[in-house]
Each structure stands twice: as structure tokens, then as C-alpha cells.
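Trainee: Give the three-dimensional model of this entry:
(one chain, ligands or ions: 1)
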Amino acid sequence: MAQITLSNLRHSYRPDPADDDDYALKKIDLTWDDGGAYALLGPSGCGKSTLLNIISGLLVPSEGKILFDDRDVTALPPAKRNIAQVFQFPVIYDTMTVYDNLAFPLRNRGRDEDIVKRRVTAIAEMLEVTGMLSTRASNLSPDNKQKISMGRGLVREDVNVVMFDEPLTVIDPHLKWKLRSKLKELHQRVRATMIYVTHDQTEALTFADQVVVMQDGEIVQIGTPVDLFERPAHTFVGHFIGSPGMNVLPCEVKGGAAFFGGEQVALEGPAGGAADGKAEVGIRPEFVSVSTTGGGIAAHVRKVADIGRHKVVEAIAHDSRIHAILEGDAPNAGDAVMLDFKRSQTRLYKDGWLASRPEGDVR
Ligand SMILES: Nc1ncnc2c1ncn2[C@@H]1O[C@H](COP(=O)(O)OP(=O)(O)OP(=O)(O)O)[C@@H](O)[C@H]1O
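Mentor: Numbering: from 1, shown residues only. All right, here's what the predicted structure looks like:
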């Protein structure tokens, strides 16, 4: 396994890129620690596959370097990088047994049969496919085929990194959670460096210790799932993560205080030196409380969706839509209500970026 460093990376598919918009990857500086479980998360077109292909060697970046530990691999072809990849669709040999499929990457590199047997047995046990080892792969269900594909990615002990590219795309929704938690468990057992590429926040947040969020060819935040939920570094992360995402409301900053529709909104702490003028207040629906008697911002309820575990209230205040997630009783559509924002979770964003700081942070 190796630490992977991406240094000053830029990539354009155009022969003569002029400005930032011509780059699929604008400027990436990132270190993936040895043994880490990472997710690369972002919407379609943000540059995830481009980045993955640069790490695997299918693409040579227009600028910058890739290091595996201290070794510069920027110009090395995929076969020389010693990485394993699991793709959207299972890559297995239908005519071979499950055992031979799992053994293939090891035999291909000339490993002794006793090592092959030890590794295949261990991986099969982790994946809970021991009972299928002598089954022909053609007889497997799609999810078991993908499990074997994952096993092939994990069977070698000497790879620098295992990369998963949207590996659950073909899996039935009701089986997805099973494979998702299985992958997490596998990482805890094999401790390989793993990069999991997805546009699905649930997959990213379940699998990864660190999530790298991309937008438009740039990294907007790297953090734990809790960081991304509690302190989105950018309103994009606030919107993209969460269901519904963070409420982002227009506000006016005056002398370090934020005003929404003329009413002051108490921020978590100092406004971070945000200059007077237009900015945004960010508050997650989980931290908005709704009452008919208490104080707060006057609003009216537009609709209420009961989604089982909780209710999602959509209210309108000062022409902005505000979501609140409620566990117990909820108002009805048309009700006049008061909205209260939990102060410690109320953030200020300036030009999209987090500006406010927690109380007591006097930087
Ligand atoms: N071979 C190519 N030639 C030209 N442009 C490309 C090529 N591959 C990708 N792009 C462009 O580069 C940008 C990043 O694409 P990329 O496929 O890396 O994003 P992605 O996040 O992986 O999206 P998806 O999840 O849809 O695969 C997009 O604007 C895309 O249109």
C-alpha cells in the first residue's frame, strides 16, 4: 500500500486550454493517506472519472505530478502502477468458477498455489461467498457477480490502492445497503488504501472515513461525514449533502451581524470578518424548530411531507423557502408559524464559502 499524492494537478481535454473553464480538473493538491478509506463525491461531470483515470494511469495530466509514496508515477502506464480497480459492471470470467476468478489476479502474477489458496479462502470468507467457490460464475446473481469483482480487487496484498468506480450501480436497491456495509467492514479488515467514487451521498458517507467533495473540477471540501454535515465549507456541500440539504438564505451583513429580511439572525459565533453587504445564512433543516407560540421568524407552512421516520416541513419566510425536519407533531399546510434556528448550527457564508466561526474562536 502507498500514500498517494496529487501535486499541482490540472487537466484539460482541449489541446490549447486558455482559461479555467477549459480545464476538467482546475487545480488539485491532495494526499490520500496509506490505508485510508476515501470517497470521491460529486455530481455528474465534476471530474471524478478524470481524477480516477489520472491515478490509474489511463490519462496523463496536462500539468502536475502523481506520487506513490516518494515515487513519481506520472508517466507510468496502468500496468506498472500496481493498483486494483472495481468498475460499475462486474468484470469476471463467466466460464470460470468463483474460486478461479478470485485466484486470477494472483496466478496472473505467478503467485504460488499455497498463497493463492490462503488469500482466496480469506477473501471468500470475508465476502461470505465460501459456499459458492466451486460454482461457475455464469450461474451467479448480478450482486454476487459484483461481490466477486470486489473480491478480485481485494485479493492481492501488494496493491498500492484499490479504486471503486460507482460499484453499486447494477445492484438492486434492497441489496445495496448490504454490500455497502460489507465494503466498510472489508476495509476495516484489510486496511488497504481505498478510493470509492460515487455521486451518491449515502454510499460516500457510509463507506468513507474521509470524503473528498468535488464540484466543477475543484475540491470544495475534504472531511469526515460529520464535518460535511455539521460545517459544510461551501454552500454547495450544504446543498449536496443532506436530505433535504442545508437551507441557504440570502442575508445582509452589517457590522458583523446578519439580517434576513431585516431581522437579525444569531450566528454560531463571529462573522469571520465578513465585510458588510450581501451574504448567506446556512442552517440545516435538522436544526430549525417550528412553533405556533414561541419566538423566531414568522413564516407560513407551504407543505408537509411525512416520510416515515420524520416529517419535512416546507415553510416560506421573506420569500425564501425554509425546510425543517420534525420528529414529533408537525403543523399543517397554510398554518402561520415561527421558525427558530439553533444558534450553534447557524453559519454565515460569503461568496459561497463558510465565513462564520464557532463561539469562542477569536482568530
Ligand atoms: N474524453 C473526454 N473528452 C473531452 N471532454 C471530456 C472527456 N471526458 C470527460 N470530459 C469532460 O470533462 C469533465 C469532467 O468529466 P468526468 O467524466 O471526469 O466527470 P465525472 O464526475 O466522472 O462525471 P460522471 O459521474 O458523469 O462520469 C466534463 O465536463 C466532461 O464533459
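
Trainee: ok, which stretches of the stretch 1-150 of the chain are helices?
Mentor: Along the stretch 1-150 of the chain, the stretches classed as helices by DSSP state H, counting those that start in this stretch are 48-56, 98-107, 113-127, 142-154.

Trainee: let me redo that: the stretch 151-300 of the chain
Mentor: 173-190, 201-207, 225-230, 235-240.

Trainee: Would you mind extracting the C-alpha trace of stretch 346-360 into PDB?
Mentor: Provided in PDB are the C-alpha atoms of stretch 346-360 (Å, rounded to 0.1, in the frame of the first residue of the first chain):
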ATOM      1  CA  THR A 346     -26.300  28.800  12.200                       C
ATOM      2  CA  ARG A 347     -23.500  29.600   9.800                       C
ATOM      3  CA  LEU A 348     -22.600  32.600   7.600                       C
ATOM      4  CA  TYR A 349     -21.400  32.100   4.000                       C
ATOM      5  CA  LYS A 350     -19.800  34.800   2.000                       C
ATOM      6  CA  ASP A 351     -19.400  34.200  -1.800                       C
ATOM      7  CA  GLY A 352     -20.400  30.600  -1.100                       C
ATOM      8  CA  TRP A 353     -17.600  29.900   1.400                       C
ATOM      9  CA  LEU A 354     -18.100  29.400   5.100                       C
ATOM     10  CA  ALA A 355     -17.200  32.700   6.900                       C
ATOM     11  CA  SER A 356     -18.500  32.300  10.500                       C
ATOM     12  CA  ARG A 357     -16.600  30.700  13.200                       C
ATOM     13  CA  PRO A 358     -17.700  28.800  16.400                       C
ATOM     14  CA  GLU A 359     -18.300  30.900  19.500                       C
ATOM     15  CA  GLY A 360     -15.100  31.500  21.400                       C
END
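
Trainee: Which positions in it come out as buried?
Mentor: Buried positions in stretch 346-360, judged by neighbour count with 16 or more other Cβ atoms under 10 Å: 346-350, 352, 354-357. To be clear about C-beta, it is placed using only N, CA and C from the backbone, and glycine gets the same treatment.

Trainee: just checking, which of those belong to strands?
Mentor: Those of the buried residues of stretch 346-360 mapping onto strands are 347-350, 354, per DSSP state E.

Trainee: so who does Phe87 touch?
Mentor: When contacts are counted by Cβ atoms under 8 Å, 6 or more residues apart in numbering, Phe87 touches 149, 165, 167.

Trainee: do Leu267 as well
Mentor: If you count contacts by Cβ under 8 Å, 6+ apart, Leu267 has them with 257-258, 281, 343, 346-348, 356.

Trainee: at 7 Å what do you get?
Mentor: Contacts for Leu267 (Cβ atoms under 7 Å, 6 or more residues apart in numbering) come out as 258, 346, 348, 356.

Trainee: could you dump these to TSV with distance to Pro77?
Mentor: What follows is the contacts of Leu267, written out as TSV (distance: Cβ to Cβ, whole Å):
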residue	distance to Pro77
Ala258	53
Thr346	51
Leu348	48
Ser356	47
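
Trainee: now those residues in JSON lines, with distance to the ligand?
Mentor: Shown next, in JSON lines, are these (distance: Cβ to the nearest ligand atom, whole Å):
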{"residue": "Ala258", "distance to the ligand": "34"}
{"residue": "Thr346", "distance to the ligand": "32"}
{"residue": "Leu348", "distance to the ligand": "29"}
{"residue": "Ser356", "distance to the ligand": "30"}
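
Trainee: Tabulate these in JSON lines, adding columns for pLDDT.
Mentor: Formatted as JSON lines, those follow (pLDDT from 0 to 100):
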{"residue": "Ala258", "pLDDT": "97"}
{"residue": "Thr346", "pLDDT": "97"}
{"residue": "Leu348", "pLDDT": "98"}
{"residue": "Ser356", "pLDDT": "96"}
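
Trainee: Nearest to Met194 among the residues you listed?
Mentor: Ser356 (33.9 Å; Cβ to Cβ).

Trainee: That closest one contacts Glu268, doesn't it?
Mentor: Yes - using Cβ atoms under 7 Å, Ser356 is in contact with Glu268, at 5.5 Å.

Trainee: what sits in contact with each of the two?
Mentor: Here Ser356 and Glu268 share the contacting residues Arg347, scored by Cβ under 7 Å, 6+ apart.

Trainee: Can you give the contact residues for stretch 134-148?
Mentor: Contacts of stretch 134-148 (Cβ under 7 Å, 6+ apart): 90, 92-99, 101-102, 127, 129, 132, 167, 170-172, 175, 179.

Trainee: what does this protein put close to the ligand?
Mentor: Contact residues (Cβ under 6 Å from any ligand atom) of the chain with the ligand: 13, 24, 42, 44-50, 199.

Trainee: Next up, the contacts around whichever residue of the stretch 251-363 of the chain sits closest to the ligand.
Mentor: As assessed by Cβ to the nearest ligand atom, the ligand sits closest to Gly352 within the stretch 251-363 of the chain, at 19.5 Å. For Gly352, the contact set (Cβ under 7 Å, 6+ apart) comprises 234-236.

Trainee: mind running it again at 8 Å?
Mentor: Contacts for Gly352 (Cβ under 8 Å, 6+ apart) come out as 234-236, 280.

Trainee: Compare those residues and tell me which is most surrounded.
Mentor: Phe236 (24 neighbours; other Cβ atoms under 10 Å).
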